[in-house]
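Undergrad: Generate a structure from the sequence data that follows.
(2 chains)
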Amino acid sequence: MITLQNLTIGYKGRTLLNDVSTEFKESTLTSLIGRNGSGKSTLLRAIAGLNTNYSGRILLEGKDIRSLSPISLAKTLAFVSTQRTRIPSMRCVDAVAMGRAPYTNWIGRMREEDEDIVMRSLSDVGMESFAQRTLDTMSDGECQRVMIARALAQDTPLILLDEPTSFLDMPSRYDLVKLLGRLAHEQHKGIIFSTHELDVATNMCDTVAMIDTPDLIHLPAPDFRHSPFLSRLLPNA
Amino acid sequence: MNMAKSSLFIFLGVLLVALAAIDIALGSTNIPIGQVWGALTGGDCPPAVSRIVINIRLIKAVVAILAGASISVSGLQMQTLFRNPLAGPYVLGISSGASLGVAIFLLGAPLLGLSPTMSSLGIAGAAWIGSAAVLFIVGAVASRIKDIMVILILGMMFSSGISAVVQILQYLSRDESLKAFVIWTMGSLGDVTATQLRILIPAVAAGMLLAVFTIKPLNLLLFGEEYARTMGLDIKRSRALLFLSTTLLAGTVTAFCGPIGFIGLAMPHVTRMIFRTSDHRTLVPATLLSGSVILLICDIISKLLTLPINSITALLGIPIVILVVLKLKN
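TA: Take a look at the predicted model:
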């Protein structure tokens, strides 16, 4: 559903990816790994349409994302960034409801079906009991789940997450990645997330995309585990 | 909308009407309530009294309502757009930009020999250009530098730099134009004429109408620009809409009333505290009401104590600003 065609991206004068082509499919959980500064965020931001400073093409279901209007892009792709979002006196339900923005009218009026999707998204991430709590009274991990629920409410075939596990403790990390896997397989979404957790990336995902500057290695997880690439991310013995 | 919210709106509405009535009833000349009522409803009342009530007191009350609503809504827009709790038309230098525009116009205007209507329009136009220019510079810097302190310091530097330029202009200008400008800088709600009101009302109405269309963009911008974009917000169009709305609101009010400090910064916070929400569908109308209410209160206090209104707004606004800063530190 998302195709990178001869993609070349740089950041501050450095080439991060050079002439990369690959495809990410639906119903698939993909982990994006690579060293610090290798361009994981830059690649995700490019796919999300936030960074258009690249050559080559990024196709969403055949269409170049640069040709899509902001609204139609928002209906195809949801993004969860590393940015903290503890907005004072904003309730969980209202934060998740913002995910309906591409579908609501000029003032953001919620119809019954919008409310239903919001509550379903909250329960998908196991946060329905937090619905009336405000974001400033919640932990980082809880806010992270709310932002994922917001992405689900956006009802897109594709979700991108930039290091969603970084604020979380060990059990919460596993729970979150399990959740992402369930969403990918049950709701047939294509989900790509960047991470530094190699065990999570290689054991709990369907495919692994590794930035091996300036290449992108994209393999099914079992193949990746037995490939020589993994060792490049491990310390030298 | 729930019960608590509706009753808060009704309470603010009633308070607004009551304060407007008190504001009109009060003044340096003692006029019996019956005669004030008569003047307003076209009933039994001496012509001289009627002139005071309609031409002075009513206009002043209307100006207080418009000015309070405008700078408070503008402050709300700036705080959300720049994700900066300390933003406001005064702090960001938008009011200073308007002052510079007015200074250049007033000190140069005698050379043009304009009619009162034209010169009122000129003052407004100069203020719009001045505030829009500052807004664009602050906006351009803010899109590159995400640090809220940098933007605030920049706004302060703008204000200081602009007042220095204004002083140079004053120093270089001739007597009669200097007098016109000095009177403007001491400007208050009471100096707005009926002619100026004919520009103030439509400009503020247009700014408020645009503000209604900024409600959804503002709600999305609470999450920051990047999130807003991935949720389908056309960022360029929204910014343009917000800049235009704030220029009409804060620029026009500054043009005719002079810079009004701290209300634009404080009232959005007070409103958020009262209504306990971050939803701009509630905050925009609520801030409009609370801003009008606070400026009427300031005007009533200034009449009772015969003090300039700008000092009252500062004395009421500054404690709230300090509270916000202390709350931010925690």
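
Undergrad: hey, let's count contacts and neighbours off CA atoms from now on
TA: Will do.

Undergrad: Can you pull out the low-pLDDT segments for chain A?
TA: A:236-237 (pLDDT under 70).

Undergrad: Where do the strands of it begin and end?
TA: A:2-11, A:14-24, A:28-33, A:54-60, A:63-64, A:77-80, A:158-161, A:190-194, A:207-212, A:215-220 (DSSP state E).

Undergrad: Just the buried positions in the second one, please.
TA: By that I understand strand A:14-24. Across strand A:14-24, burial judged by 16 or more other CA atoms under 10 Å in any protein chain shown covers A:Leu16, A:Leu17, A:Asn18, A:Val20, A:Ser21, A:Phe24.

Undergrad: how many degrees apart are that strand and strand A:28-33 in direction?
TA: 160 degrees (axes from the mean of the first three to the mean of the last three CA atoms, to 10 degrees).

Undergrad: Excluding residues flanking it in the chain, which one is nearest residue 218?
TA: You didn't say which chain, so I picked chain A. Take A:His218 and drop its neighbours on the chain: the residue closest to it by CA to CA, 6 or more residues apart in numbering or on different chains is A:Ala209, 4.2 Å away.

Undergrad: looking at chain B here, not the other one
TA: Leaving aside its sequence neighbours, B:Leu218 sits nearest to B:Thr80 (CA to CA, 6+ apart; 6.3 Å).

Undergrad: Quick check: residues of chain A near chain B?
TA: A:48-50, A:70-75, A:77-81, A:85, A:87-90, A:98-99, A:101-102, A:106-108, A:154 (CA under 8 Å from any CA of the partner chain).

Undergrad: Give me the buried subset of those residues.
TA: By 16+ other CA under 10 Å, those give A:48-50, A:70-71, A:73-75, A:77-81, A:85, A:87, A:89-90, A:98-99, A:101-102, A:107-108, A:154 as buried.

Undergrad: Restricted to helices, list those.
TA: Mapping those onto helices (DSSP state H) picks out A:Pro70, A:Ile71, A:Leu73, A:Ala74, A:Lys75.

Undergrad: for chain A, what's the longest helix?
TA: helix A:170-186.

Undergrad: Figure out how far that helix is from the centre of its chain.
TA: 12 Å (CA atoms, centre = their mean, to the nearest Å).

Undergrad: next one: stretch B:315-329
TA: 19 Å.

Undergrad: Is any residue of that stretch near chain A?
TA: No - on the criterion CA under 8 Å from any CA, stretch B:315-329 is out of touch with chain A, staying 11.0 Å away.

Undergrad: what residues does that stretch touch?
TA: B:Pro85, B:Leu86, B:Gly261, B:Phe262, B:Ile263, B:Leu265, B:Ala266, B:His269, B:Val270 (CA atoms under 8 Å, 6 or more residues apart in numbering or on different chains).

Undergrad: Next: stretch B:178-193.
TA: B:56, B:59-60, B:63-64, B:103, B:106-107, B:170, B:256-259, B:308-310.

Undergrad: average pLDDT for it?
TA: Per-residue pLDDT over stretch B:178-193 has a mean of 72.

Undergrad: Tell me who's in contact with B:Gly101.
TA: Counted by CA under 8 Å, 6+ apart, B:Gly101 has contacts B:Ile123, B:Ala126, B:Ala127, B:Trp128, B:Ile129, B:Gly130, B:Ser131.

Undergrad: Return the backbone torsion pair for A:Thr52.
TA: In terms of degrees, to the nearest 10, the main-chain angles of A:Thr52 are phi -110, psi 10.

Undergrad: tell me the contacts of it?
TA: A:Ala46, A:Arg66.

Undergrad: Check the gap between it and chain B for me.
TA: As for A:Thr52, its distance to chain B is 13 Å (criterion: CA to the nearest CA, to the nearest Å).

Undergrad: Name the residue of chain B that lies nearest to chain A.
TA: B:Gly232 (4.2 Å; CA to the nearest CA).

Undergrad: which residues does the residue nearest to A:His218 bridge with?
TA: In this entry, A:Ala209 is beta-bridged to A:Leu32, A:His218, by DSSP bridges.

Undergrad: was I right about it contacting A:Leu32?
TA: Yes - look at A:Ala209 against A:Leu32 with CA atoms under 8 Å: they come within range, at 4.8 Å.

Undergrad: Can you tell me which of the contacts of B:Gly101 is closest to A:Leu198?
TA: Closest approach between these and A:Leu198, by CA to CA: B:Ser131, at 52.7 Å.

Undergrad: List the residues that contact that closest one.
TA: B:Gly93, B:Ile94, B:Ser95, B:Ser96, B:Gly97, B:Ala98, B:Gly101, B:Thr247, B:Ala250, B:Gly251.

Undergrad: just how off-centre is the lowest-mean-pLDDT helix or strand in chain B within its chain?
TA: One helix or strand of chain B scores below all others by mean pLDDT, DSSP states H and E: helix B:175-185, with a mean of 74. Relative to the centre of its chain, helix B:175-185 is centred 22 Å away, using CA atoms, centre = their mean.

Undergrad: In that helix, which residues are buried?
TA: Going by 16+ other CA under 10 Å, helix B:175-185 has these buried residues: B:Ser177, B:Leu178, B:Phe181, B:Trp184, B:Thr185.

Undergrad: Repeat that for stretch B:5-15.
TA: For stretch B:5-15, by 16+ other CA under 10 Å, it's B:Phe9, B:Leu12, B:Gly13.

Undergrad: Helices of the stretch 151-300 of chain B, residue ranges please.
TA: Applying DSSP state H, counting those that start in this stretch to the stretch 151-300 of chain B gives helices spanning B:175-185, B:194-213, B:215-221, B:225-230, B:235-246, B:252-257, B:263-275, B:280-305.

Undergrad: Including distance to A:Leu233, could those helices go into CSV?
TA: Shown next, in CSV, are the helices of the stretch 151-300 of chain B (distance: least, CA to CA, whole Å):
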stretch, distance to A:Leu233
helix B:175-185, 66
helix B:194-213, 50
helix B:215-221, 37
helix B:225-230, 30
helix B:235-246, 38
helix B:252-257, 60
helix B:263-275, 48
helix B:280-305, 47
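
Undergrad: ok, A:Ala97 touching A:Arg150?
TA: Yes - using CA under 8 Å, A:Ala97 is in contact with A:Arg150, at 6.7 Å.

Undergrad: Could you name every residue contacting both of these two?
TA: A:Val118.

Undergrad: My read is that A:Thr3 contacts A:Ile47, right?
TA: No - with contact defined as CA under 8 Å, A:Thr3 does not reach A:Ile47; the gap is 9.6 Å.

Undergrad: between the strands of chain A, which gets nearest to A:Arg133?
TA: strand A:77-80 (20.4 Å).

Undergrad: hang on, the earlier thing: neighbour-wise, which one of the contacts of B:Gly101 leads?
TA: B:Ala127 (33 neighbours; other CA atoms under 10 Å in any protein chain shown).

Undergrad: which residues touch that one?
TA: Contacts of B:Ala127 by CA under 8 Å, 6+ apart are B:Gly97, B:Ala98, B:Ser99, B:Leu100, B:Gly101, B:Val102, B:Gly251, B:Thr252, B:Thr254, B:Ala255.

Undergrad: Include pLDDT when you put those residues into CSV, please.
TA: Converted to CSV, those look like this (pLDDT from 0 to 100):
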residue, pLDDT
B:Gly97, 90
B:Ala98, 89
B:Ser99, 87
B:Leu100, 89
B:Gly101, 90
B:Val102, 87
B:Gly251, 91
B:Thr252, 92
B:Thr254, 88
B:Ala255, 87
